[in-house]
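Trainee: The following block contains a protein sequence and its predicted model.
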Amino acid sequence: MAQLRALAKPSVASLDEVRAVWEVNVFGPLRVYQAMLPLLRKSSDARIVNVTSALGSLTLASDPSFAYHSSFEPVYAASKTALHAVTLSMMTELEATDIKINLVSPGFARTRLVNFEGTESIEDAAREVVRVARLGPDGPTATFTTWEGTSLPW
Ligand SMILES: NC(=O)c1ccc[n+]([C@@H]2O[C@H](COP(=O)([O-])OP(=O)(O)OC[C@H]3O[C@@H](n4cnc5c(N)ncnc54)[C@H](OP(=O)(O)O)[C@@H]3O)[C@@H](O)[C@H]2O)c1
């Protein structure tokens, strides 16, 4: 992880790597949104949950007291920031509809993505994604939360 972080600094990050990660984290969700929206519009109970990371929060990342302030980088973290921007555009497009769209950060989970070095179980990390995906018709839309509905800044 430490080695990966060093390689992701803006001065040395491989642009091919940046493109590959943005392809998955930014263009992927946009592509899926475009493919699924016609079906979602036909549903009476449609919702979208875009999975992001607190690392992509510009408010948190620009705060020197944030634990990951100095590791904000253009590969992964900035791809999640871009995902937030793209999600905001989806949110405004869907404002006049009943389709819910929310952003969720699963926290730091023990998955392959982080070389299994996370502090949370996969089950705990999935909880907020599942909670938000199961919001009832009166539940909120256009939120950015982590477990137990804790709001995160964009
Ligand atoms: N783990 C964390 O601590 C953490 C923290 C914050 C946010 N997140 C977010 O949580 C989400 C899930 O990550 P995870 O931790 O569960 O990671 P993971 O276990 O490594 O899973 C990543 C998933 O992405 C898929 N994937 C990777 N490259 C792809 C590509 N080019 N095209 C299609 N699918 C691709 C993988 O598919 P294959 O299995 O087929 O390779 C895998 O299903 C991600 O959005 C991640 O950014 C994770």
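Mentor: Cool, the structure landed.
Trainee: can you tell me how far the residue nearest the centre of the chain sits from the ligand?
Mentor: By Cα atoms, centre = their mean, the chain has its centre lying nearest to T52, at 1.3 Å. Distance, T52 to the ligand, by Cβ to the nearest ligand atom, to the nearest Å: 6 Å. The way it works is simple: take the backbone N, C-alpha and C, and place the C-beta from them, glycine included.
Trainee: The residue nearest to A125 when sequence neighbours are not counted bridge partners, please.
Mentor: Sequence neighbours aside, A109 is the residue nearest to A125 in space, at 3.4 Å (criterion: Cβ to Cβ, 6 or more residues apart in numbering). Following DSSP bridges, A109 is listed with bridge partners E120.
Trainee: quick one, helices of this structure?
Mentor: 2-7, 15-22, 28-42, 58-61, 77-94, 122-133 (DSSP state H).
Trainee: Would you mind putting the ones you listed into JSON lines with mean pLDDT and distance to W154 alongside?
Mentor: Output for the helices of the chain, formatted as JSON lines (pLDDT from 0 to 100; distance: least, Cβ to Cβ, whole Å):
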{"stretch": "helix 2-7", "mean pLDDT": "84", "distance to W154": "23"}
{"stretch": "helix 15-22", "mean pLDDT": "98", "distance to W154": "18"}
{"stretch": "helix 28-42", "mean pLDDT": "98", "distance to W154": "16"}
{"stretch": "helix 58-61", "mean pLDDT": "98", "distance to W154": "6"}
{"stretch": "helix 77-94", "mean pLDDT": "98", "distance to W154": "6"}
{"stretch": "helix 122-133", "mean pLDDT": "96", "distance to W154": "16"}
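Trainee: Could you identify which of the ones you listed is most buried?
Mentor: Ranked by mean neighbour count under mean count of other Cβ atoms under 10 Å, the helices of the chain are led by helix 77-94, which reaches a mean of 18.
Trainee: Quick one: residues in contact with it.
Mentor: Contacting residues not belonging to helix 77-94 are listed as 18, 21-22, 24-26, 29-30, 33, 48, 50, 52-53, 55-58, 61, 68, 71-72, 101, 103, 141-142, 144, 154 [Cβ atoms under 8 Å, 6 or more residues apart in numbering].
Trainee: Apply 7 Å and report the result again.
Mentor: 21-22, 25-26, 29-30, 33, 50, 52-53, 55-56, 58, 61, 101, 103, 142, 154 (Cβ atoms under 7 Å, 6 or more residues apart in numbering).
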